[in-house]
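fold the following and give me the result.
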Amino acid sequence: MDALQLVALVAASAAVAGLARRTPVPAPLLLVAVGLAGSYVPGVPDYTLDPHIVLPLILPPLLYTAAVDSSYLDLRANVRPVALLSVGYVLFATVAVGWLAYVLVPDLPLTAALVLGAVVAPPDAVAATAIARKLGLPNRITTILQGESLVNDATAITAYKVALAAAVGEGVSWAGGLGEFALAALGGIGVGLVLMLPIHWLRRNLGDSLLQNTLSLLIPFVAYAAAEEVGASGVLAVVVVGLFLGHRAWQVDFATRLQEEAVWKMVAFVLESAVFALIGLQLPYVVQSLGQYGVGEAAGYAAGVFVAVVLVRFVWVYPATFLPRLSARVREREPGVDWRAPLVVGWAGMRGVVSLAIAFSIPVAVAGKEFPARNLVLFLTFTTVIGTLVVQGLTLPPLIRLLKLPGRDRYAETLAEAQAQSEASQAAEERLDALLADERNALPQPLADRLRTVLERRRNAVWERLGAVNAVTGETVDDTYRRLSREMIDAEREVFVQLRDARRIDDEMMRTLLRRLDLEEAAAYREELDD
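Take a look at the predicted model:
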């Protein structure tokens with residue numbers, strides 16, 4: 001892939017993802033569909049997934065930004081269901097799907113079938129969590145899906161390595177496999193624990209937001225490479241570091257947080273868009289590499305594996321949800337669950353780029369020993385990924401609406417936000433009174449009043465969202481205030497530009513003045529930006 005092809009891929013995938021925001025179709029699904037169609041358009045170059053690029057260069061930043069945005073406290077509160085899915089389910093799916101594929105496909109060795117099981121075991125919850133948030137699913141389901149996606153790749157990659165060694169006859173025992181899994185898991189967590197404190201210290205003490213954000217871009221690659229260098233799980237190292245830094249993000253200065261949020265949103269958008277487009281673009285290569293298997297024959301096997309993947313997830317999810325609740329302790333700690341929640345979790349098991357990258361990394365031969373049925377395993381992985389993304393991805397939103405799960409209580413959330421802001425504002429007011437009582441902090445009365453006005457505005461803004469709306473516009477008082485504030489800022493901005501054009505101020509001064517307005521506008525519209 002040359003530079004021009006890479007630019008074309010990024011530009012086209014970003015355009016499609018942007019278009020998806022104006023349609024009810026989730027962006028990952030539209031990107032895959034466009035990639036499938038584009039793969040047979042004359043002139044479109046061949047894009048082949050390179051696991052040496054995807055695993056060390058694309059997976060770490062995607063995992064890192066997901067971990068930073070996750071709630072450590074929510075994940076800790078749901079550690080049992082997350083662990084059952086990210087570790088237990090992946091290992092169960094490796095064995096169950098592998099055995100079913102072995103039964104279904106003639107002449108497919110059991111060891112090669114287990115490799116296939118490991119490859120298709122980890123769901124990619126990017127699309128699922130995006131849909132969950134968009135439709136307002138309960139926070140616990142979203143947390144479980146997101147937590148599963150953070151850890152399950154590490155489990156799958158380790159299971160794949162063990163199965164691959166067995167497939168090429170390297171004599172792996174159960175004890176050896178468990179030992180490798182323990183080394184990968186404990187080693188990855190250990191590397192993350194070792195790195196997170198010095199990295200956080202650097203972020204707090206560099207004193208330059210540009211340097212801090214440069215460090216931020218390097219963190220996932222450093223954590224992943226360091227863990228892989230010692231034979232541990234780079235995935236878990238990245239997740240541990242990301243969760244810690246996200247939990248402690250409040251200790252970094254505001255300029256770094258503002259820049260970092262914007263930078264990582266852009267990075268995640270570009271990478272996710274390109275990755276899902278790449279999935280669709282693999283179709284010609286995968287079909288051409290089938291070799292001895294006919295397309296019709298392979299399609300029959302693909303349908304069987306797809307059904308097996310879907311059913312195996314439900315076979316695991318329902319017992320894993322309800323059996324632990326036989327314990328009174330679990331029932332006391334965790335909220336009640338009916339049959340609808342595990343149905344959504346089970347149907348949200350869409351596969352993604354990690355499965356394809358692992359499949360592409362299967363060597364043709366190892367130490368002179370050929371991997372059996374490599375091309376068929378690659379085809380079955382591709383069809384499973386596409387099948388789950390299209391079938392489950394398109395039907396998940398209507399399924400969620402049909403089940404009528406209790407969504408997030410926006411009123412209760414706004415009320416909690418207002419109460420938190422009220423307590424914080426009271427503490428700030430007490431601090432201000434104490435500071436102004438000291439003659440070293442003496443301020444003219446208009447400036448002191450301005451500080452109190454800003455504080456009062458913050459205190460009242462959230463409460464006003466709970467109030468009545470304007471009968472004509474449908475806006476709350478806070479909505480109207482922010483809209484008028486933007487109109488005033490736009491008027492100021494136009495004047496600054498006119499003054500620059502008239503050469504009454506230079507460009508540097510105009511940029512300084514505009515940045516002040518930008519910060520004011522960002523503060524006024526913080527809720528809209530968060531959405």
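
in terms of secondary structure, what does the helix or strand where residue 75 lies contact?
Assigned by DSSP states H and E, residue 75 falls within helix 72-77. If contacts are counted by 3 or more C-beta pairs under 8 Å, 6 or more residues apart in numbering; DSSP states H and E, helix 72-77 sits against helix 139-167, helix 234-247. From N, CA and C alone the C-beta is placed, and that goes for glycine too.

contacts only, for residue 118.
Listed by C-beta atoms under 8 Å, 6 or more residues apart in numbering, the contact set of residue 118 reads 94, 98, 156, 159, 160, 162, 163, 358.

can you pull the pLDDT of the residue nearest to the spatial centre of the chain?
By C-alpha atoms, centre = their mean, the chain has its centre lying nearest to residue 66, at 3.9 Å. pLDDT for residue 66: 88.

let's see the helix holding residue 75 as CSV, backbone CA atoms only.
What follows is helix 72-77, C-alpha atoms only, in CSV (Å, rounded to 0.1, in the frame of the first residue of the first chain):
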residue,chain,number,x,y,z
TYR,A,72,-12.7,2.2,36.4
LEU,A,73,-15.2,2.3,39.2
ASP,A,74,-18.0,0.9,37.0
LEU,A,75,-15.7,-1.8,35.6
ARG,A,76,-14.7,-2.8,39.1
ALA,A,77,-18.3,-2.9,40.2
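
show me which residues of it are buried.
Buried positions in helix 72-77, judged by neighbour count with 16 or more other C-beta atoms under 10 Å: 74, 75.

burial count for residue 462?
20 (other C-beta atoms under 10 Å).

residue 451 too?
By other C-beta under 10 Å, neighbour count at residue 451 equals 15.

check the one 5 residues further on too.
The tally of other residues near residue 456 (other C-beta under 10 Å) stands at 12.

do the same with residue 517
15.

which residues sit against the one helix or strand it maps to?
If you go by DSSP H and E, residue 517 is part of helix 507-524. Contacts to helix 507-524, defined as C-beta under 8 Å, 6+ apart, come from residues 258, 482, 485-486, 489, 492-493, 496-497, 499-500, 505, 529.

go again using 7 Å as the cut-off
482, 485, 486, 489, 492, 493, 496, 497, 500, 529 (C-beta atoms under 7 Å, 6 or more residues apart in numbering).

alpha carbons of it, as PDB, please.
Extracted in PDB, the C-alpha atoms of helix 507-524 (Å, rounded to 0.1, in the frame of the first residue of the first chain):
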ATOM      1  CA  ASP A 507      -3.300  38.300  12.300                       C
ATOM      2  CA  GLU A 508      -1.500  37.400  15.500                       C
ATOM      3  CA  MET A 509      -3.700  39.700  17.600                       C
ATOM      4  CA  MET A 510      -6.800  38.500  15.800                       C
ATOM      5  CA  ARG A 511      -5.900  34.900  16.600                       C
ATOM      6  CA  THR A 512      -5.400  35.800  20.300                       C
ATOM      7  CA  LEU A 513      -8.800  37.500  20.500                       C
ATOM      8  CA  LEU A 514     -10.500  34.700  18.600                       C
ATOM      9  CA  ARG A 515      -9.000  32.100  20.900                       C
ATOM     10  CA  ARG A 516     -10.600  33.900  23.900                       C
ATOM     11  CA  LEU A 517     -13.900  33.800  22.200                       C
ATOM     12  CA  ASP A 518     -13.500  30.100  21.300                       C
ATOM     13  CA  LEU A 519     -12.800  29.200  24.900                       C
ATOM     14  CA  GLU A 520     -15.900  31.200  26.000                       C
ATOM     15  CA  GLU A 521     -18.000  29.500  23.400                       C
ATOM     16  CA  ALA A 522     -16.700  26.100  24.400                       C
ATOM     17  CA  ALA A 523     -17.600  26.800  28.100                       C
ATOM     18  CA  ALA A 524     -21.100  28.000  27.100                       C
END
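
if anything else comes up later, I'll come back, but that's it for now.
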